[in-house]
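[1] Give me a 3D structure for the following:
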Amino acid sequence: DFLKCQAEFLGLENMDYANELIERLQLDPRAGLKRMSKGMKQKTALVAALMNDAPVILLDEPTTGLDPLMRMTFLDIIKEEHRKGKTVFMSSHSFEELESTCDRVALINDGHIVDVCRMSDITDRPVKEFKIEFRNEKDYKTFLNERFEVIRLQPQYHQATIRIPADGTAALLGALRKYDVKFISELPYTLEMHFKKILFEKKEKESHVQ
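    Residues are numbered from 1 along each chain as shown. Below you'll find the predicted structure:
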């Protein structure tokens, strides 16, 4: 009844998409709103928000109360809406959700936008970082004389973290052939890391001003 009332308010006559959303989100439309769990109420609100097929969608913490599987289903729906050419504004505290759905993400701190980041700048960085651990101290120390930018050392583990150009992976692997390497792993650069860096720089700047 609530969804039908919402459809009437919106002037929506065709409920096909609403019924599709109800099925995909596994919402029981016969349940009474007052007796619904938080997750069921959230699903109802999502169906009400999306069923009108509007060109602009505003969502405030839309996955609150959803279990992990329903969260994935909802994010798939949002990606489909985006592919249709719709504009979606979504607030979220989940970096993973933002990374998987958004083209651009704004960081709000103390009520102000302090940074706007394109996800392509996160996923297509011009540099890569690798952590390398050597089986012996000799190889570890010798490697440090190679012409790679070292950004962190952990001598107790014979580990070095380096930064190279994005297209320099082959050159790195070639250089490592003459060393006894225990493991090498690429360190992913995430939206969370980017924003933490922005907030750290903001805090440092404010402390210098004071």
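[2] shouldn't residue 118 be in contact with residue 104?
    Yes. Residue 118 lies in contact with residue 104 (CB atoms under 8 Å); the separation is 5.4 Å. Every residue, glycine included, has its C-beta placed from N, CA and C.
[3] for residue 179, what are its contacts?
    Contacts for residue 179 (CB atoms under 8 Å, 6 or more residues apart in numbering) come out as 134, 139, 142-143.
[4] Tell me how far it lies from residue 133.
    Between residue 179 and residue 133 the computed distance is 11 Å (CB to CB, to the nearest Å).
[5] Ok, residue 7 next?
    With CB to CB as the criterion, residue 7 and residue 133 are 60 Å apart.
[6] on that earlier part again, quick check: the farthest pair among the contacts of residue 179?
    Taking CB to CB as the measure, the contacts of residue 179 span a maximum distance of 8.8 Å, between 134 and 142.
[7] just the helices in this structure please.
    2-10, 16-24, 38-50, 68-83, 95-101, 119-123, 137-143, 169-176, 191-209 (DSSP state H).
[8] Output the below-cut-off pLDDT ranges for this structure.
    Applying pLDDT under 70 to the chain picks out residues 209-210.
[9] For residue 54, what are phi and psi?
    Per-residue torsions, residue 54: phi -70, psi 150 (degrees, to the nearest 10).
[10] In space, what's closest to it - neighbours in sequence excluded?
    Excluding the flanking residues, the one nearest residue 54 by CB to CB, 6 or more residues apart in numbering is residue 86, at 7.5 Å.
[11] That neighbour: neighbouring residues, count only.
    15 (other CB atoms under 10 Å).
[12] Distance of it relative to residue 80?
    To residue 80, residue 86 is 9 Å away according to CB to CB.
[13] what's the answer for residue 139, then?
    Using CB to CB, residue 139 is found at 50 Å from residue 80.
[14] and those two? which has more neighbours close in?
    Ranked by neighbour count (other CB under 10 Å), residue 139 and residue 80 place residue 139 first, with 18 against 10.
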